[in-house]
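# One predicted model, sequence on top.
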Amino acid sequence: MFKLIRNTRHNVKNDILSGLTVALALVPEAVAFAFVAGVDPLVGLYGAFMMGLITSIFGGRPGMISGATGAMAVVMVALVKIGEDQGGLGLEYLLLTLLLVGVIQMSAGLLKLGKFVRLIPHSVMMGFVNGLAIVIFLSQIGMFKTTDKDVYGQNKVETISKELVYDINDGQVSDHASGHVLFNKIDNQLFDTQSNELAYSISENQVFGTDSLVAYNIEENGIYSIEKAGLSKSFLPSDELLMMLLFVLLTMAIMYFLPKLTKKVPSALIAIIVVACITIFGNIDVSTVGSFIADGAPLGETSTGIAGGLPTFHAETFTSVPLTFETLKTILPFAFILAAIGLIESLMTLNLVDELTETRGNGNRECIAQGGANFINGLFGGMGGCAMIGQSIININSGGRGRLSGIVAALTLLMFILWGAGVIEQVPIAALVGVMFMVVIGTFAWSSFRIIRKIPRSDAFVLILVSGMTVAFDLAIAVICGVIVSALVFSWENAKRIRARKTVKKDGTKVYEIWGPLFFGSVQAFNNKFDISTDPERVEIDFVESKVTDHSGIEAVKNLVERFEAAGKTVTLKHLSPQCVKLLTKANPHLNEIIVRDIDDPRYHVLAAQDENL
């Protein structure tokens, strides 16, 4: 495995240079995620700028980079579509939702929920890292594709046939519902039967209106309404693909060998500059940031690139969207999902950066910063986001450790928008893909292949499960499922540990010495240890090596005592900790009479968090 992560001491030079490197890598990522969400590229860039700046200044993890992310973008696209259906208010619905996302995330931080990230098992963390590395790799494969063009030379839109609208019989096109003939079909054109003017043109099973935009799909039996499914893409021609692969490999080679010569400058930054100079001054025709933005323009629209002004207050959010209970019902589920995804990815990335830098971040502070950044995005027209693991690793690998690195990255991104669009749009995509491929190599936990047969099978299953679900769904679902499975396995294993050693005293009292935790998973096994009908008149239950941990355990002890007493037998409880006694007597005051207190009663307490930095 390549040694990509180097624990260097924090200094200003490293932070500035790493910030510049991250800014270059942020541009295509932010634009791509904006396209995924269905908003303008500038919205994604503004989101990356505001997220990066605010979290770098106020966040709980110096050196971690935040911006627009794919995990949140795939959820946003459905929300934007709902807004567009309400009169072209997709962006406004998104911004209003981000205000709620910010409130939810800041509340999580104020309630100190960030510390619960420590409950995530190592197998889940390793699965998350592996899955995310695969996701980053797969996302870069799309960079080797180009957008197909339709008959009008526009970006071709993929369409799915929905409902039959028109029937076609003998060159006549009639309304499916009424049967009225509306058009005459001559070759690949439809003419209005009344005016005899051209109404639609047909190309590659798609029907285009006079505005050159696809309106329907055409099949053998008729014309169908459509659902737009994104842009049609195919791999680059072989010569262009080979050229791009060569530049990707050159970028990776520079990043691998340059640190062996000097570590004074980030190898990723030098690699991007070298490849950019070769393509620009060599006049080599390759895919660039500018062509990538143009190719990604959705639904046949023309992109204006990344040039723009400063983010401004988006008043239309409050004047255009009806602020009603119905609107709240629509956006609130999206707000909770986006807030959860953002916090989980940010806290997981925080944990990873902690491990790489051998330092400790503050999870609760990061929750507040993420929430504040998303809230500001909602006010000023950004698409929001969360921590970005790929860019964070680029930053750490380039020597960035302090808050300055994130601040420089954010401000540099803003300068690109204001003044440097023409230069940045000439940067070859191959250089940025090469950087991301090296991030994938450094992110993936290659040691998992070595230890997979050495760890418990349940942990191996969780590792593979989380990796697969991160790729198939999203990291929030993957992490939650991984934690649930790990918790169930832990509960099952502990449930099997409940034991009872049975002895009889000289006076005939039968003693049950209970070992192991008594909780919901072990209640049934606990009850099976007792034979009430054959036990003597006096029974003693000694919890010398046990602890009643939850309501199920309390109920089990209470019900057991009632069953013994219903059988006319005397039962006493011994060696319960003060905490257990308090729980039991609170549930049933009568138990206070049969609990024997002794000087050697155990003293154990629930572990309290002494350090809120997690």
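Looks like it arrived, so ask away. Numbers count the residues shown, from 1 in each chain.
# Tell me how far the helix or strand in which Leu164 is found lies from the chain's centre.
Counting by DSSP states H and E, the element that carries Leu164 is strand 157-169. From the chain centre to the centre of strand 157-169 is a distance of 36 Å (Cα atoms, centre = their mean, to the nearest Å).
# next structured bit after that strand?
Next in sequence after strand 157-169, counting helices and strands by DSSP H and E, comes strand 172-175.
# Could you measure from the closest residue to Asp150 other than its chain neighbours over to Ser201?
Leaving out its chain neighbours, the residue that sits closest to Asp150 by Cβ to Cβ, 6 or more residues apart in numbering is Lys156, at 4.3 Å. In short, each C-beta sits where N, CA and C put it, glycine included. Lys156 sits 14 Å away from Ser201 when distances are taken as Cβ to Cβ, to the nearest Å.
# With Val289 instead?
When distance is defined by Cβ to Cβ, Val289 is 33 Å away from Ser201.
# burial count for Ile104?
Number of residues near Ile104 (other Cβ atoms under 10 Å) recorded here: 21.
# residues touching it, list them.
335-336, 339, 371 (Cβ atoms under 8 Å, 6 or more residues apart in numbering).
# one more time with 6 Å, if that's ok
Contacts here follow Cβ atoms under 6 Å, 6 or more residues apart in numbering; on that basis Ile104 touches Ala339.
# Leu404 and Asp15 touch, don't they?
Yes: with contact taken as Cβ atoms under 6 Å, Leu404 and Asp15 are classed as touching, separated by 3.9 Å.
# out of the two, which sits in the more crowded spot?
Asp15 (25 against 20).
# what does the strand holding Leu164 rub up against?
Contacts with strand 157-169, where a contact means Cβ under 6 Å, 6+ apart, come from 173-174, 176, 214, 217, 222-230, 232, 299.
# circling back to that earlier point, of Lys156 and Ser201, who's got more company?
Set side by side, Lys156 and Ser201 show more neighbours around Lys156, with 21 against 17, by other Cβ under 10 Å.
# ok, which stretches of the stretch 351-500 of the chain are helices?
For the stretch 351-500 of the chain, helices defined by DSSP state H, counting those that start in this stretch occupy the ranges 363-380, 389-397, 403-418, 421-424, 429-443, 447-451, 457-472, 475-495.
# deepest of the ones you listed, which one?
With neighbours defined by mean count of other Cβ atoms under 10 Å, none of the helices of the stretch 351-500 of the chain is more surrounded on average than helix 389-397, at a mean of 27.
# Average pLDDT for it, rounded please.
Rounded to a whole number, the mean pLDDT of helix 389-397 is 90.
# Could you list every helix and strand that that helix packs against?
For helix 389-397, the helices and strands in contact under the criterion 3 or more Cβ pairs under 6 Å, 6 or more residues apart in numbering; DSSP states H and E are helix 12-37, helix 325-357, helix 429-443.
# Thr324 versus Asp40, what's the distance?
Per Cβ to Cβ, Asp40 is found 27 Å from Thr324.
# the more surrounded of the two?
Regarding Asp40 and Thr324, a neighbour count based on other Cβ under 10 Å identifies Asp40 as having more, with 21 against 9.
# so where's the chain uncertain?
The model of the chain has pLDDT under 70 over residues 1-10, 296-304, 599-614.
# who touches both of Leu404 and Asp15?
Overlap between the contact sets of Leu404 and Asp15, as judged by Cβ under 6 Å, 6+ apart, is nil.
# quick revisit: among the helices and strands packed on helix 389-397, which comes closest to His551?
Between His551 and the helices and strands packed on helix 389-397, the shortest separation by Cβ to Cβ is 26.8 Å, and it involves helix 325-357.
# ok and that closest one relative to helix 429-443, angle-wise?
With axes from the mean of the first three to the mean of the last three Cα atoms, to 10 degrees as the criterion, the two stretches helix 325-357 and helix 429-443 enclose an angle of 70 degrees.
# Now do helix 325-357: distance to the chain's middle.
Relative to the centre of its chain, helix 325-357 is centred 7 Å away, using Cα atoms, centre = their mean.
# same check, this time on stretch 493-511
Here the centre of mass of C-alpha atoms in stretch 493-511, compared against the chain's by Cα atoms, centre = their mean, lies 48 Å away.
# and it, how far apart are its ends?
Distance between the two ends of stretch 493-511: 26 Å, counting by Cα to Cα, to the nearest Å.
# Buried residues, it. List them.
Neighbour-count burial for stretch 493-511 flags 495, 498, 500, 509-511 (criterion: 16 or more other Cβ atoms under 10 Å).
# And for stretch 241-253?
Under the neighbour-count criterion of 16+ other Cβ under 10 Å, stretch 241-253 has 243-244, 247-248, 250-252 buried.
# ok, and what's touching that stretch?
The set of residues that contact stretch 241-253 without belonging to it, under Cβ under 6 Å, 6+ apart, is 271, 275, 430-431, 433-434, 437-438.
# Repeat that for stretch 541-558.
When contacts are defined by Cβ under 6 Å, 6+ apart, stretch 541-558 is touched by residues 511-520, 523, 526, 573-576, 580, 583-584, 587-588.
# just checking, which of those residues belong to helices?
For those, membership in helices holds for 523, 526, 580, 583-584, 587, with DSSP state H as the criterion.
# what about stretch 320-335, distance to the chain center?
Stretch 320-335 has its average C-alpha position 23 Å from the chain's average C-alpha position, going by Cα atoms, centre = their mean.
# same question, stretch 214-232
How far stretch 214-232 lies from its chain's middle: 32 Å, per Cα atoms, centre = their mean.
# ok, Ala500 - contacts?
Listed by Cβ under 6 Å, 6+ apart, the contact set of Ala500 reads 512, 514, 529.
# try it again with 8 Å
By Cβ under 8 Å, 6+ apart, Ala500 lies in contact with 512-515, 526, 529-530.
# Gly60 too?
114, 350, 361-367, 369, 613.
# Please produce a PyMOL select command covering the buried subset of the ones in helices among the contacts of stretch 541-558.
This is the PyMOL syntax for the buried subset of the ones in helices among the contacts of stretch 541-558, where burial follows 16+ other Cβ under 10 Å:
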select buried, resi 523+526+580+583+584
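# Please list only the buried members of the contacts of Ala500.
The neighbour-count criterion (16+ other Cβ under 10 Å) marks 512-514, 526, 530 among the contacts of Ala500 as buried.
# Name the nearest of those residues relative to Tyr46.
When those are ranked by distance to Tyr46 (Cβ to Cβ), Phe526 comes first, at 58.6 Å.
# right, and that closest one touches Ile514 too?
Yes: counting by Cβ atoms under 8 Å, Phe526 does reach Ile514; the two are 7.5 Å apart.
# Check the contact lists of those two and give me the overlap.
Between them, Phe526 and Ile514 have 498, 500 as joint contacts when contacts are counted by Cβ under 8 Å, 6+ apart.
# Break this protein into its domains for me.
For the chain, the domain assignment from automatic domain parsing gives the residue ranges 12-148+240-448, 157-231, 496-596.
# of the ones you listed, which approaches Ala478 most closely?
Comparing those under Cβ to Cβ, the one sitting nearest is domain 12-148+240-448, at 6.1 Å.
# so who does Val151 touch?
201, 203-204, 208.
# now for those, which pair is the farthest apart?
Among these, the pair separated by the greatest distance (Cβ to Cβ) is Ser201 and Glu204, which sit 11.1 Å apart.
# Could you check how far stretch 553-570 is from the centre of its chain?
49 Å.
# Can you list the buried residues in that stretch?
Neighbour-count burial for stretch 553-570, with 16+ other Cβ under 10 Å as criterion, is recorded at 553-554, 556-557, 560-561, 564, 569.
# got it, and stretch 323-331?
Along stretch 323-331, the positions that meet the burial threshold by neighbour count (16+ other Cβ under 10 Å) are 327, 330-331.
# To what extent is Val581 buried, counted in neighbours?
17.
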